[in-house]
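Visitor: This is a predicted model, with the sequence first.
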Amino acid sequence: MLRLIKYILLDIIQNRMVIGYTLFLLAVSLGLFSLNDDPTKGLVSLLNIALIVTPLVSIVFSTIHFYNSSEFIEMMAAQPLRRSLIVRAEFWSLSLALVTAVVIGMGIPIALYASTSTGLALLAVTVVLTVVFVSLAMYASVRTRDKAKGIGGVLLLWFLFALLYDAFVLLFMFMFSDYPLEKAVLAMVALNPIDLARVTVLLQLDMAALMGYTGALFREFLGTVNGIIFASAVLTVWSAVPVVAAVNVFNRKDL
């Protein structure tokens, strides 16, 4: 499996999109920190990039790469290899490549300008979010043979998590405002990895004006430390479940 990961990883890191993504993160991160004298303001600005751009690039690039590697995957499946090894090798290779891009693009500026617990939390959350959306991409790619449908599906998924989900939560709160909704809202937030990542970092910042309703709920019901542990644990589940499901689907799939 390690040899397979090495081969796929070497191919991915030479991809122009991965190189461009790394340079983009590096340029934006350095620019944001240079424009703000206060590192905390730079981290807050960088958080928005991490929550929008990182999931989008991770899920779209991983999906495209999986479909473009279909002939290679079929060839590997014809070899005396377990199918689960092929899917896991693709997952780990994509995750390592995109996480490396994040560590270089965001990690270096954070180390230079904001090497605090909050800065490290932002970097860690971005890494986990990258792995989560690679995992989701693997499941979506394995589920359908059609490349256009697969890419359209992951874009819709990103759009739901990044933009629409909060609107649904607000609508739910408005419609049932006469009822105690705190626990229900916490459960709904757990169903969105992007919201969980945002809450985890904002709990570290402890800035009430930025935390919003969901962040305040996490702090009130779970406390700062317990809230971070809970969000991190749920993000870990988000990272593992889709790729496990992808392995199960791929094992039964007729190639």
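Guide: All right, it came through fine.
Visitor: Could you use CA atoms for every contact and neighbour count after this?
Guide: Noted.
Visitor: Give the burial count for Leu2, as a bare number.
Guide: With neighbours defined by other C-alpha atoms under 10 Å, the count for Leu2 comes to 11.
Visitor: mind showing which ranges of this protein have poor pLDDT?
Guide: Scanning the chain for pLDDT under 70 picks out the ranges 1, 181-182, 205-225, 227, 254-255.
Visitor: Kindly recompute the last result at 50.
Guide: Along the chain, the parts satisfying pLDDT under 50 run over 208-209.
Visitor: mind listing what Ile228 touches?
Guide: Val199, Thr200, Leu203 (C-alpha atoms under 8 Å, 6 or more residues apart in numbering).
Visitor: In helices only, show me the residues you listed.
Guide: Judged by DSSP state H, the contacts of Ile228 include Val199, Thr200, Leu203 as members of helices.
Visitor: Same list (the residues you listed) but as TSV, adding distance to Ala121 and neighbour count.
Guide: Putting the ones in helices among the contacts of Ile228 into TSV (distance: C-alpha to C-alpha, whole Å; neighbours: other C-alpha atoms under 10 Å) gives the following:
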residue	distance to Ala121	neighbour count
Val199	11	26
Thr200	8	26
Leu203	10	23
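Visitor: for the residues you listed, which one is nearest Gly105?
Guide: Proximity of these to Gly105 was ranked by C-alpha to C-alpha; the top entry is Thr200 with 20.7 Å.
Visitor: Remind me which helix or strand the spatially closest residue to that closest one that is not a sequence neighbour belongs to.
Guide: Excluding its sequence neighbours, the residue lying closest to Thr200 (C-alpha to C-alpha, 6 or more residues apart in numbering) is Ile228, at 5.3 Å. Counting by DSSP states H and E, the element that carries Ile228 is helix 208-252.
Visitor: Can you give me the distance of the residue nearest the centre of the chain to Ile59?
Guide: By C-alpha atoms, centre = their mean, the chain has its centre lying nearest to Leu129, at 2.4 Å. Leu129 sits 10 Å away from Ile59, going by C-alpha to C-alpha, to the nearest Å.
Visitor: quick revisit: which residues does the residue nearest to the centre of the chain contact?
Guide: Thr54, Pro55, Pro193, Ile194, Ala197, Leu235.
Visitor: Secondary structure element holding it?
Guide: helix 117-143.
Visitor: Tell me the buried residues in that helix?
Guide: Under the neighbour-count criterion of 16 or more other C-alpha atoms under 10 Å, helix 117-143 has 118-142 buried.
Visitor: Just after that helix, pick out the following helix or strand.
Guide: Next along from helix 117-143, by DSSP H and E: helix 147-159.
Visitor: Now do that next one: which elements does it pack against?
Guide: helix 39-68, helix 117-143 (3 or more C-alpha pairs under 8 Å, 6 or more residues apart in numbering; DSSP states H and E).
Visitor: Adding distance to Ile13, write these out as a markdown table.
Guide: What follows is these, written out as a markdown table (distance: least, C-alpha to C-alpha, whole Å):
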| stretch | distance to Ile13 |
| --- | --- |
| helix 39-68 | 12 |
| helix 117-143 | 15 |
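Visitor: Which one of those helices lies nearest to Trp92?
Guide: helix 117-143 (8.8 Å).
Visitor: what angle do that closest one and helix 147-159 make?
Guide: 150 degrees (axes from the mean of the first three to the mean of the last three C-alpha atoms, to 10 degrees).
Visitor: now the angle between helix 39-68 and helix 117-143, please.
Guide: 20 degrees.
Visitor: ok now helix 117-143, how far from the chain's centre?
Guide: 3 Å (C-alpha atoms, centre = their mean, to the nearest Å).
Visitor: Could you do stretch 180-197 as well?
Guide: 17 Å.
Visitor: Not counting that stretch itself, show me its contacts.
Guide: 51, 125-126, 129, 132, 161-162, 165, 169, 173, 214, 217-218, 231-232, 234-235, 238.
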